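[1] take this sequence and fold it.
(one chain, ligands or ions: 1)
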Amino acid sequence: MCGIIGVTARDRDVVPLVLEGLVRLEYRGYDSVGVAVNAGGSIIVRKGAGKIADVRVRVGLDRLSGSTAIGHTRWATHGPPTDGNAHPHIDCDGMVAVVHNGVIRNYASLREELSGRHRLRSETDTELIAHLIEEGLRRGLDPLEALARALARLEGSYALAILVAGEPDRIYFARMRSPLILGLGEGVNAVASDIPALLHITRRVVTLDDGEFGWISPDDVAVYKLGPGGSYTRVPQAEVASRLKTVEWSVEKASKGGYPHFMIKEIYEQPQALTDTYNGLLDDPNLGRAAGLVASAERLYVVGAGTSYHAGLVFSYYAARVSGVPPIPLIASEFKVYENSVGAGDVVVAVSQSGETYDTLEAVRSYKERGARVVGVTNVVGSALDRESHVTIYIRAGPEIGVAATKTFTSQIMALQLLALAAAAATGRMDPGEARAEARGLSRASSVIADAIRDSEPVAKLLATRERGWRSLYILGRGLGYPIAREGALKVKEIAYLHAEAYPAGESKHGPIALVEDGFPVFLVATSDSPEIAGNALEMAARGARVMVVKPRDMSLELPQAPNIAVLEVPGGGILMEPYALTPFFQLLAYYKAVQSGYDPDKPRNLAKTVTVE
Ligand code: AGP
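    I've put the predicted structure just below:
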């Protein structure tokens, strides 16, 4: 999860544009940052380990200037986050500079081969690409040809932006299994890992496909398709033009808009995001197509990673109840478990906010190869998942910059509830009119989540400031409450760096209860399908736990008055509304706990927004 950007403009200093883009890309990695400027006969590189705000002062990034530049923000994969491993990387003579997002799998053999002929300065896989291009240039190939030959030697994933000395107004690029888009403006063109990085330059974007490479200049673009052995053909200009899309996201939407952090902004954006998801999908023909696939599935898998896996668990719950096609939920990186039993007639619902998560894409590709049909559920139009899927459902939550998934989780749930209901109608398990009425009822989700945020925030804030001694906590749920508990625990772990374990409440007495002693914090997520959870609350309270039950207001639960049992009531509205009512408390608890501890909730340590490696 590195972020890359390159900008080339007619008679204009592009370094401020590159730096602005890097600030917006920093959520993709913040181990190091660097910029290279093409000064015509030579390339100037400045880079260093650390966050952009520090590095730009330390190495003087703002003192660079030029009309063609590339930049990089790194999430380390090969070599620790040091100044030397920061991108851009250059060849032996400093004539080629490369920024890279991805992982070169044949790194070890390439390194062994190249180390005999080249002066390697870093431990990265990226530097090897610069030397491979250098070899082509030395043989007298033109830069495009040299790039094609270099790409043919690479195994793995890459999104690349490259400067070549002597080509002062060109940026070369290439894409294979890592996101890369072109931004086309007036007298300025750009290449970047994602859309928010380009919104200050242009809104006109072209998504590149795997195996495509080429160059941009201030007024022109050329895209080529890589063939075997470094051969290539030009992608017709008309085809590139037909992919041009105008992005509707505003710059403000991709910036913090007055909130101290993206995470809290995105928590507060959930009512709007749910409205957008609902409005976008209710009459989307893709929803009907996807439901047809789900309804016809011999076996139905739902696959995702992290938060997207939790949304998949919520889908499994609803689909099993209403559609009669119970899905097999699958953590993306564990896809091999079922690989050998997948066949034609099976369907995979793949859930991914970014649409670029490596494990999810590998699962999709593997199951597809065995004949399965794929329904993609993603926030990013033109993402790899979008392009791999037979049908895509867009969640339309808008850009999510905070590393922690918040609004995309609840929007994924909305999309998946709509899918489960449409599938129920398609299988005949629900009368189509009834399914449609239930789907229409989901329009209430927006106000339910707004009320839930209002009810939860003061309690989350209070606990975050008062309970400073917590070292570990449980979040228990039954039925629908269990995936919500899992998502809550993930938020608390990743943002507040506090150990939080989610467990099926009924199962908690088969081991985890051994840890419970006086004052141990235990949260219970009560959902209307599982009133038995009251018993689990009592078991924990009896052993001295500090119990907090989060429950829908319209659910009756028999709990005694006890000093160590507290109840937080959030909006009700039935089983379809409960994810929206119960999720915000845990998002807010994680957020305020992180802020109170002095952590940056938008950039949790060791994490990246989009995980594009194995
Ligand atoms: C969630 O807060 C995490 N950032 C992470 O678990 C994330 O959900 C996971 O990496 C999957 O990402 P995706 O939805 O883009 O595939």
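
[2] for the rest of this, base every contact and every neighbour count on C-alpha atoms.
    Will do.

[3] Glu134 and the ligand, how far apart?
    35 Å (Cα to the nearest ligand atom, to the nearest Å).

[4] kindly report the same for Asp518.
    Taking Cα to the nearest ligand atom, one finds Asp518 at 31 Å from the ligand.

[5] show me what from the stretch 301-450 of the chain comes close to the ligand.
    Within the stretch 301-450 of the chain, the positions near the ligand by Cα under 6 Å from any ligand atom are Ala305, Gly306, Thr307, Ser308, Ser352, Gln353, Ser354, Gly355, Thr357, Val403, Ala404, Ala405.

[6] count of residues packed around the last one?
    Around Ala405 sit 22 other residues, with neighbours defined as other Cα atoms under 10 Å.

[7] how about it, secondary structure?
    coil (DSSP: H, G, I helix; E, B strand; the rest coil).

[8] next one: phi and psi at it?
    Dihedral angles of Ala405 (phi, psi; degrees, to the nearest 10) stand at phi -70, psi 130.

[9] quick one: residues contacting it.
    Thr307 (Cα atoms under 8 Å, 6 or more residues apart in numbering).

[10] how close does it get to Ala197?
    From Ala405 across to Ala197, the span is 19 Å (Cα to Cα, to the nearest Å).

[11] same check on the first one?
    Between Ala305 and Ala197 the distance is 24 Å, computed by Cα to Cα.

[12] of those two, which one has the most company?
    A direct count of neighbours by other Cα under 10 Å for Ala305 and Ala197 places Ala197 higher, at 28 against 23.

[13] just give the nearest non-adjacent residue to the more buried one, would you?
    Take Ala197 and drop its neighbours on the chain: the residue closest to it by Cα to Cα, 6 or more residues apart in numbering is Gly21, 4.4 Å away.

[14] tell me the pLDDT of the one you found.
    pLDDT for Gly21: 96.

[15] quick one: secondary structure of Gly402?
    coil.

[16] for it, give me its contacts.
    Contacts of Gly402 (Cα under 8 Å, 6+ apart): Tyr27, His261, Phe262, Met263, Glu266, Pro601, Asp602, Lys603, Lys609.

[17] and the nearest residue to it once chain neighbours are set aside, helix, strand or coil?
    Nearest residue to Gly402, sequence neighbours excluded (Cα to Cα, 6+ apart): Asp602, at 4.5 Å. At Asp602 the chain is in coil, as set by three-state DSSP.

[18] the ligand contacts on this protein?
    305-308, 352-355, 357, 403-405, 609-611.

[19] can you give me the strands for the stretch 51-200 of the chain?
    Taking DSSP state E, counting those that start in this stretch as the test, the strands found in the stretch 51-200 of the chain are 68-74, 89-90, 96-101, 158-164, 171-176, 181-184, 188-192.

[20] hey, which of the ones you listed is tucked in deepest?
    Most buried of the strands of the stretch 51-200 of the chain, by mean neighbour count (mean count of other Cα atoms under 10 Å): strand 68-74, with a mean of 33.

[21] domain boundaries for this protein, per the record?
    3-255, 266-444, 447-596 (automatic domain parsing).

[22] starting at the chain centroid, how far to the longest one?
    It stands for domain 3-255. Centroid displacement of domain 3-255 relative to its chain, using Cα atoms, centre = their mean, to the nearest Å, is 21 Å.

[23] what do you get for the second one?
    In terms of Cα atoms, centre = their mean, the centre of domain 266-444 is set 15 Å apart from its chain centre.

[24] can you give me the end-to-end span of that domain?
    End-to-end distance for domain 266-444: 19 Å, by Cα to Cα.

[25] confidence score at Pro399?
    80.

[26] phi and psi next, for it.
    phi -60, psi 140.

[27] closest one of the residues of the chain next to the ligand to Leu462?
    Nearest to Leu462 out of those is Ala404 (Cα to Cα; 21.4 Å).

[28] thought that closest one was touching Lys491?
    Yes: with contact defined as Cα atoms under 8 Å, Ala404 and Lys491 form a contacting pair (6.8 Å).
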